[in-house]
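S.K.: Make a model of this:
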Amino acid sequence: MNIFVIIKRTFDTEEKIYIENGEVTDDGAEYIINPYDEYAIEEAIQQRDEHGGEVTVVTVGDEEAEKQLRTALAMGADKAVLIEEEDVENCDPYSIEILLSAYFKEQKPDLILGGNVAVDGGSGQVGPRLAENLGINHVTSVTKLTIEGEKAHIEKDVEGDQEYLDISLPLLVTAQQGLNEPRYPSLPGIMKAKKKPFETLDLDDLELEEEDVEGKTVTVDRYLPPEKQAGKKLEGDPEEQVAKLVSLLKTEAKVI
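M.R.: Numbers count the residues shown, from 1 in each chain. As a prediction, the model looks like this:
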């Protein structure tokens, strides 16, 4: 099988985020593979081990994203591709999808996997956009994937319930938590990753112009949510507490 995984470099979810002048500052911040993408990598490796073939991890980013690609190689992926975005104005999900589509139109994927959402943006747009552009089937929020021949049997998370689907390959799926348990890179895996194929592509390689990939969205501002105010404890018997609560909802919360 020809298996691909699209991944993203994101802030470590344990990091505290700081904003200055409407921009996220990454001074001293740690970056990781988007956690949902780790499920996609693990699933790709398991499917390759069962059905044969190879796993290629692909990301759109700057040269700093090489570290996350190397981590995916150390987990067990076979190849890595970095699509540089430095010449892209206002890179957004639209831009990323156009870059990925240009790359994939020269490939012959049987299966493409990605994370359900990225923990920084959370739009969940790139995977479905890519599948639509490539003209292949796609399913989001996958919690179980079984492949038999040219068919995929899928369990999908749907608002707290499960949906079961049978879909033909080629196919793009996005991974939800619970699909598997991602492995940690081993020391031998880290050493092998240094020798695995690593390709870097730019707009010229993909036969794209800057205006082809310019972002369609504009970020007006970024800000942290207001600090949570201290709660109030109402004293007295139940009737007195109800009277105080109603008064506060009228005078302070102004919701009634």
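S.K.: use CA for all of it now, contacts and neighbours both
M.R.: Noted.
S.K.: Can you mark which positions in stretch 221-237 are buried?
M.R.: By neighbour count on 16 or more other CA atoms under 10 Å, the buried set for stretch 221-237 is empty.
S.K.: what is the mean pLDDT for the helix of greatest length in the chain?
M.R.: Scanning the chain for the helix with the most residues, using DSSP state H, yields helix 35-51. Averaged across helix 35-51, the pLDDT comes to 97.
S.K.: helix or strand right after it?
M.R.: Past helix 35-51, further along toward the C-terminus, the next helix or strand under DSSP states H and E is strand 54-61.
S.K.: Show me what that following strand packs onto, helices and strands only.
M.R.: When contacts are defined as 3 or more CA pairs under 8 Å, 6 or more residues apart in numbering; DSSP states H and E, strand 54-61 sits against strand 2-7, helix 35-51, helix 66-75, strand 79-84, helix 93-104.
S.K.: Figure out which of the ones you listed is closest to D120.
M.R.: helix 35-51 (10.5 Å; CA to CA).
S.K.: What's the local residue count around the nearest residue to H138 once chain neighbours are set aside?
M.R.: Of all residues not flanking H138 in the chain, L172 sits nearest, at 4.5 Å (CA to CA, 6 or more residues apart in numbering). The local packing of L172 (other CA atoms under 10 Å) involves 25 other residues.
S.K.: Tell me the strands beside the helix or strand hosting L172, with direction?
M.R.: Using DSSP H and E, L172 sits within strand 171-175. Here strand 171-175 is paired, per DSSP bridges, with strand 111-115 (parallel), strand 137-148 (parallel).
S.K.: now the helices for the stretch 151-256 of the chain?
M.R.: Shown for the stretch 151-256 of the chain, the helices assigned by DSSP state H, counting those that start in this stretch span residues 187-193, 210-213, 238-251.
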